[in-house]
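**Q** The following block contains a protein sequence and its predicted model.
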Amino acid sequence: MTTSRRPRAPAWCALTALLACAPAARAGQDLAELHERARAFLLAQQAPPHDAVRIEVDELDPRLRLPDCPVPPEAFLPPGARAQGNTSVGLRCPQPPGWKLVLGATVMVAREVVVATRPLRRGEWLAAGDVRLQRSDIARLGGGFETDPRRVVGRQLLSPLAAGAVIAPLALADAAAVRRGERITVLLRTPGMEVSSIGIASADARPGERLRARNLDSGREVEGRLEAGRRLVVD
């Protein structure tokens with residue numbers, strides 16, 4: 001009796017059939033969605049008012065394969081990172097598989113700030129024509145800035161500035177509260193007692209500055225720190 005045998009299928013045919021019946025593998029975490037989540041997080045850190053915000057986040061390597069996070073991934077600022085300037089932003093999955101990564105980023109925030117209209121010398125008293133508003137990236141202004149020209153007009157420069165330079169609050173001083181030769185109150189404070197007298201200032205001074213004065217009662221010169229209300233507190 002002749003027995004017919006069916007030809008044996010090649011091994012790759014069986015593998016193809018198995019893959020066709022198996023469920024599709026999960027694609028993994030969407031890298032584009034992670035990138036946008038990082039950018040949106042940095043944008044949310046910017047406090048108004050501002051004219052415009054530009055955020056650049058490093059692209060994720062397209063070869064990166066991250067398992068799907070069972071909950072929405074979280075964005076965060078790594079230790080030492082800041083919300084503006086050259087910084088970094090982190091992304092993490094708070095539940096297993098629990099991955100974490102950090103991306104470099106740059107955040108530029110444009111705002112109208114007060115700048116000098118001309119070269120200014122140390123000691124000059126600022127007038128309205130000496131300043132104007134200019135749009136600048138405040139993320140790069142580590143020394144601070146002013147946004148209202150009225151806050152700088154009438155104040156004195158403590159250091160020279162070039163035309164177009166940003167006028168920082170620490171570069172300004174208020175007018176002297178006491179002028180040389182004026183009468184001031186001299187306070188001598190001891191535990192449980194305070195003695196006041198009248199003195200003559202030996203120089204111009206602002207609150208918080210050291211000042212010497214001649215005590216009219218004793219004729220002696222004393223030194224202390226000038227407080228508000230034209231009071232000299234002797235150490």
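**A** That came through fine. This is a predicted model, so every value here is computed, not measured.

**Q** export stretch 221-235 as CSV, just CAs?
**A** Taking Å, rounded to 0.1, in the frame of the first residue of the first chain, the C-alpha atoms of stretch 221-235 are listed here in CSV:
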residue,chain,number,x,y,z
GLU,A,221,32.3,113.0,68.0
VAL,A,222,30.4,109.7,67.9
GLU,A,223,29.8,107.1,65.3
GLY,A,224,26.9,104.8,64.5
ARG,A,225,24.4,103.6,61.9
LEU,A,226,21.8,105.9,60.5
GLU,A,227,18.2,104.7,60.9
ALA,A,228,14.9,105.9,59.4
GLY,A,229,13.7,109.1,60.9
ARG,A,230,17.2,110.7,60.9
ARG,A,231,18.3,108.8,64.0
LEU,A,232,21.9,107.9,64.5
VAL,A,233,22.2,104.8,66.7
VAL,A,234,25.6,104.7,68.4
ASP,A,235,27.2,101.2,68.7
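
**Q** For it, which outside residues touch it?
**A** 177-178, 182, 184-189, 199, 201-202, 205-215 (C-beta atoms under 8 Å, 6 or more residues apart in numbering). C-beta here means a position set from N, CA and C on the backbone, and glycine is covered the same way.

**Q** Same check on stretch 64-72?
**A** Outside stretch 64-72, the residues touching it (C-beta under 8 Å, 6+ apart) are 26, 28-29, 31, 34, 37, 93-97, 99, 101.

**Q** Could you pull out the helices in this protein for me?
**A** 11-21, 31-44 (DSSP state H).

**Q** lowest average confidence, helix or strand, in the chain?
**A** helix 11-21 (a mean of 32; mean pLDDT, DSSP states H and E).

**Q** What residues sit buried inside the biggest strand by length in the chain?
**A** Looking across the chain with DSSP state E, the single longest strand is strand 100-116. Buried residues in strand 100-116, counted by 16 or more other C-beta atoms under 10 Å: L101, L103, A105, V107, M108, V109, R111, E112, V113, V114, V115, A116.
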